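A.B. asks: Take a look and give me a structure for this.
(2 chains)
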There are 2 protein chains.
Amino acid sequence: VLIRLDTSRVLAELERRSLKTVLIVAPDGLLKKANELASTLEARNVEVVISGEACYGACDLKEDVAEAIKADMILHIGHGLRVSRAGKRTFFVVAEDDVEFNKVIEKAAQILRQFSRVGLYTITQHLHKLAEAKALFEKYGFKVKINDGGKLSHGQIIGCEFQPAYAAKDDVDAFVFLGQSRFHAVALALSTGKPTYMLDPYLEEVTDVATLAEDFWRRSLLAVYKARDAERFGIIIGLREGQMKLHHVERIREGLAKHGKSSTLIAMRDISAERLNTFSWFDAFIQTACPRISIDGTCFDKPVLSTPQAYALLNLLEGKDIGNFLRSPTWI
Amino acid sequence: VLIRLDTSRVLAELERRSLKTVLIVAPDGLLKKANELASTLEARNVEVVISGEACYGACDLKEDVAEAIKADMILHIGHGLRVSRAGKRTFFVVAEDDVEFNKVIEKAAQILRQFSRVGLYTITQHLHKLAEAKALFEKYGFKVKINDGGKLSHGQIIGCEFQPAYAAKDDVDAFVFLGQSRFHAVALALSTGKPTYMLDPYLEEVTDVATLAEDFWRRSLLAVYKARDAERFGIIIGLREGQMKLHHVERIREGLAKHGKSSTLIAMRDISAERLNTFSWFDAFIQTACPRISIDGTCFDKPVLSTPQAYALLNLLEGKDIGNFLRSPTWI
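C.D. replies: Modelled structure (predicted):
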């Protein structure tokens, strides 16, 4: 599999503005690519610093790092939204995965025969294959629905926002997720409540994620019920800029106080089981930073609720029905 | 053992300025104390956020976190310098350990009989016991020398700076380190080149750290020699505000380039073996953030040189004698 960085636009921009220092931000899997890009840029007399910290999404721009090291521009590789720029200095650089979906779509066409209308969604690195995938599904006789929505592109979902799919849910019989991310496929299913199939182009496998989605849902629900009996809560404020949701923090804290629960605010960048164990005196945690941390099966010793789970807990404490709290266009 | 926070001064300051939001920063071992302090402050209607990130020293003020969450004041627990304030908003809150040194000093008086003049040094939590310790040593017939120096208090050393002890080295026959930190005692020995004894007040043990110091020194030296053959270097810029030493980064990078070594700049907050393994294509790393990370026996798969080791490497590449490169009042 080849990953191609679409750098023509940013290189032109770099030249035009004769910038001195560039910060490159990338998820771990693309750091080697980042290093190659650094060499290309340094050959053009640009000073380059690579961010060595983990980066999980477009919520993590690291504009503060650019500020600290006085970089004029951030090239953010591998994540992207509908817009191509963000923050003060960030330019998204799409990393296109050249893997083909033809074979797995051929398989899926058989398996999905019971459905006539499908919604087609994927993550950034496969967005350039979407038109081709749509044409193929249509060739096999399906009606294909692809929306945009919120800050996301046509056919795009990310780990915490699903507006384009959510907006299409009443117009389709099933969703197809193109890619190899179990979490994104399950999130698509939980957000929309529709039958969802993951089409893995590397293994050429079609997976109905219903069972997995049910499992994720039960765990999320269980954590909420466990947290009901907790007395002392640590409420975590995410320090990654796009993860700082102070309005949720305030509302959740007030809600807990109303039911006699004590809470302490903790500001944190990386939320891991190991790190939370340092705070042994809390009975449960609420983290408003990133829903995936709570929902994607990480083993924590105590309940660690994401924002939608925290609001479900408040409803539970109020004696209200908590309903299907992940059935939502966004989890943040 | 009881730890007492000296908060009277900061509470008065807080009252006087009627501040709204306070960030508390503390090393892991004092986070429980931080939580108690948070409760005290919230009872006075101050909003408190605890920093949940690791904090290893006064180099890690987290003024950027205070900025992000709009805190008016930072209470930094457990570290301290000669001054009681730092940055824009930081007030140091000393955490005094009430453990007694009488018994271990009584033992040391026997063991150190061969020396007539001793230098007495310690870390922040025991500084309030220094006068008493000095009087005891004098009672046992020793001449005691205690200096201040640089940004450090009378009798203080930290993990990377030893000016007060270094300034006294020619006036003493041996150094005494009061406390249980193997690393600080060894650093005192390596920095000054003098016989050094660690007086552990908890175990009531007196340890000559010569063998340990020799071991740390050999490992530091070996890493420099291993790095000599490396071709591709990752040079790490520390993102903790007091750890960002861009002047060293530039000088070291130029020095390496002169000898045909390629290098890439990486900005990073937490430097761990696991994190560095992500950057598998480098042969060696130089980190200008914190010398302890390289010298305190962490097992890295590849050489990870601190600043003094990096300059030693440059001397080695120049064909110069690298000498005793840790024999220095500061390692940063």
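A.B. asks: can you give me the helices for chain A?
C.D. replies: Using DSSP state H, the helices of chain A run over residues A:8-17, A:31-43, A:63-69, A:102-111, A:130-139, A:163-168, A:182-192, A:210-228, A:246-258, A:273-277, A:291-295, A:307-317.
A.B. asks: Worst mean pLDDT among those?
C.D. replies: With a mean of 87, helix A:8-17 has the lowest mean pLDDT of those.
A.B. asks: one step back: if you compare the helices of chain A, which one is most tucked away?
C.D. replies: Mean neighbour counts were compared across these using mean count of other C-beta atoms under 10 Å in any protein chain shown; the top stretch is helix A:182-192, at a mean of 24. For the C-beta atoms, the positions are set from N, CA and C on the backbone; glycine is no exception.
A.B. asks: now the angle from that helix to helix A:210-228?
C.D. replies: 80 degrees (axes from the mean of the first three to the mean of the last three C-alpha atoms, to 10 degrees).
A.B. asks: for helix A:182-192, the distance to its chain's centre please.
C.D. replies: 11 Å (C-alpha atoms, centre = their mean, to the nearest Å).
A.B. asks: what packs against that helix?
C.D. replies: Secondary-structure packing of helix A:182-192 (3 or more C-beta pairs under 8 Å, 6 or more residues apart in numbering or on different chains; DSSP states H and E): helix A:163-168, strand A:174-178, strand A:196-200, helix A:210-228, helix A:291-295.
A.B. asks: before we move on, back to that, out of the helices of chain A, nearest to A:Gly80?
C.D. replies: Closest approach to A:Gly80 among the helices of chain A (C-beta to C-beta): helix A:8-17, 12.1 Å.
A.B. asks: Which strands or helices does the closest one pack on?
C.D. replies: Using 3+ C-beta pairs under 8 Å, 6+ apart, the elements in contact with helix A:8-17 are strand A:73-77, strand A:90-93.
A.B. asks: Including distance to B:Thr124, could the helices of chain A go into CSV?
C.D. replies: Output for those, formatted as CSV (distance: least, C-beta to C-beta, whole Å):
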stretch, distance to B:Thr124
helix A:8-17, 47
helix A:31-43, 38
helix A:63-69, 27
helix A:102-111, 61
helix A:130-139, 59
helix A:163-168, 51
helix A:182-192, 45
helix A:210-228, 38
helix A:246-258, 32
helix A:273-277, 24
helix A:291-295, 34
helix A:307-317, 38
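A.B. asks: Ok, which of those comes nearest B:Tyr225?
C.D. replies: Checking those against B:Tyr225 by C-beta to C-beta gives helix A:31-43 as the closest, at 25.8 Å.
A.B. asks: Report the inter-axis angle for the closest one versus strand A:73-77.
C.D. replies: Counting by the same axes, to 10 degrees, helix A:31-43 lies at 150 degrees to strand A:73-77.
A.B. asks: quick one: contacts for A:Ser150?
C.D. replies: Actually, residue A:150 is Gly. It isn't Ser. By C-beta atoms under 8 Å, 6 or more residues apart in numbering or on different chains, the residues touching A:Gly150 are A:Glu161, A:Gln163, A:Pro164, A:Pro329, A:Thr330.
A.B. asks: how about 10 Å then?
C.D. replies: Going by C-beta atoms under 10 Å, 6 or more residues apart in numbering or on different chains, A:Gly150 touches A:Leu81, A:Arg82, A:Gln156, A:Ile158, A:Glu161, A:Phe162, A:Gln163, A:Pro164, A:Tyr166, A:Ala167, A:Pro329, A:Thr330.
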